[in-house]
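# just a sequence and a predicted model for now, questions to come.
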Amino acid sequence: MTRMVFCEKMKQELPGLEHIPYPGELGQKVYDSISAQAWQAWMQHQTMLINEYRLNVIDPEGRKFLEKEMEKFLFGEGSEKPEGFVPPEKS
C-alpha cells in the first residue's frame, strides 16, 4: 500500500517517498511532509542548478548551496532559476 502524506509543496494529500531521500533532520522532514511528485520536481530543479552554476557536489560549499535551495524549493518561497536561464527546447 502506498504511503500518503500531506505535501507541504503541493498542498494536497499525495503518495509519499518510499525512503528518506537525504541524511539528517532535513531528510526526515522531507520524508514526512513531501510527496514523491514534489521530490521529483526538486530533482529536476537541482539538476538544472548543478548544470547552470557548474556546481561540484563533492565540494562542501556546493552541497551547502543545494541544501539551502532544497529547503527554499520544498518548504519556502521557492528556489530561483539562475539569471538568464533558458530551458532547453523539447524535441
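Structure's in. What do you need?

# mind listing what's buried in the helix ranked longest in the chain?
With secondary structure taken from DSSP state H, the chain has its longest helix at helix 36-53. Neighbour-count burial for helix 36-53, with 16 or more other Cβ atoms under 10 Å as criterion, is recorded at 36-39, 41-42, 45-46, 48-49. Glycine gets a C-beta too; all of them are placed from N, C-alpha and C.

# give me the helices and strands touching that helix, please.
Using 3 or more Cβ pairs under 8 Å, 6 or more residues apart in numbering; DSSP states H and E as the contact criterion, the neighbours of helix 36-53 among helices and strands are strand 12-15, helix 60-75.

# now do the contacts for the residue positioned nearest the centre of the chain.
By Cα atoms, centre = their mean, the mean C-alpha position of the chain lies nearest to residue 42, the distance being 2.8 Å. Applying Cβ atoms under 8 Å, 6 or more residues apart in numbering, we find residue 42 in contact with 34, 70, 73-74.

# what's the answer for residue 54, then?
With contacts defined as Cβ under 8 Å, 6+ apart, residue 54 has no neighbours.

# residue 29: how many residues sit nearby?
Counted by other Cβ atoms under 10 Å, the residues lying close to residue 29 total 16.

# next, it: secondary structure please.
helix (DSSP: H, G, I helix; E, B strand; the rest coil).

# got the confidence number for it?
Here the pLDDT value assigned to residue 29 is 97.

# of the contacts of residue 42, which is the most crowded?
Within the contacts of residue 42, most neighbours by other Cβ under 10 Å means residue 34, with 26 neighbours.

# let me see the contact set for the residue nearest to it when sequence neighbours are not counted.
Counting by Cβ to Cβ, 6 or more residues apart in numbering, the nearest residue to residue 34 once its immediate chain neighbours are dropped is residue 74, at 5.4 Å. Going by Cβ under 8 Å, 6+ apart, residue 74 touches 8-9, 30, 34, 38-39, 42.
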